[in-house]
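next input, structure requested:
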Amino acid sequence: MQPWDVEVVSVKRHQQSGAEPPVLITEAAVSYEDQHRARRRKYAIMMSMRIPLLIAAAACYQIWWLSLTLILVSIPLPWMAVLIANDRPARKREKVNRYRPAGDAKAVEDREHVVIDGRDES
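Coordinates of the predicted model:
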């Protein structure tokens with residue numbers, strides 16, 4: 001018996017007992033640690049962009065409109081970085097994804113079954 005056969009048997013047992021089938025973990029939310037790591041990475045990237053923008057603005061001081069544009073872009077970066085880093089993703093309200101075996105399982109069971117009994121019919 002293969003490992004995936006055990007899972008199918010387990011799901012069929014759940015269905016026969018009337019319990020809900022197990023939730024598929026492929027739809028599970030990202031862990032808190034992974035969310036926090038991604039937010040810290042975004043914050044570090046946004047904050048590391050500010051210094052190069054200010055240096056580029058100083059290097060382009062002869063082209064006043066380019067220098068001013070680079071400074072204006074660098075001003076809201078810390079504020080945006082903090083907002084993005086502190087924002088957790090919204091919780092999803094979705095229907096739970098349950099495992100459903102392929103095909104119509106009830107169609108197989110609707111046929112007539114031959115019962116072999118030890119009793120003598122005569």
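
is it true that Val73 touches Leu53?
Yes: using Cβ atoms under 8 Å, Val73 is in contact with Leu53, at 6.0 Å. Heads up, the C-betas are built off the backbone N, CA and C, glycines and all.

shared neighbours, those two?
Counting by Cβ atoms under 8 Å, 6 or more residues apart in numbering, Val73 and Leu53 have no contacts in common.

which SS class is Ala57?
Going by DSSP: H, G, I helix; E, B strand; the rest coil, the secondary structure assigned to Ala57 is helix.

what's the neighbour count on it?
19 (other Cβ atoms under 10 Å).

show me the contacts for it.
With Cβ under 8 Å, 6+ apart, Ala57 has these contacts: Leu66, Ser67, Leu68, Leu70, Ile71, Ser74.

out of the residues you listed, who's nearest Arg41?
Ser74 (19.8 Å; Cβ to Cβ).

just give the nearest non-adjacent residue to that closest one, would you?
In space, and not counting its chain neighbours, Ser74 is closest to Leu53: 3.9 Å by Cβ to Cβ, 6 or more residues apart in numbering.
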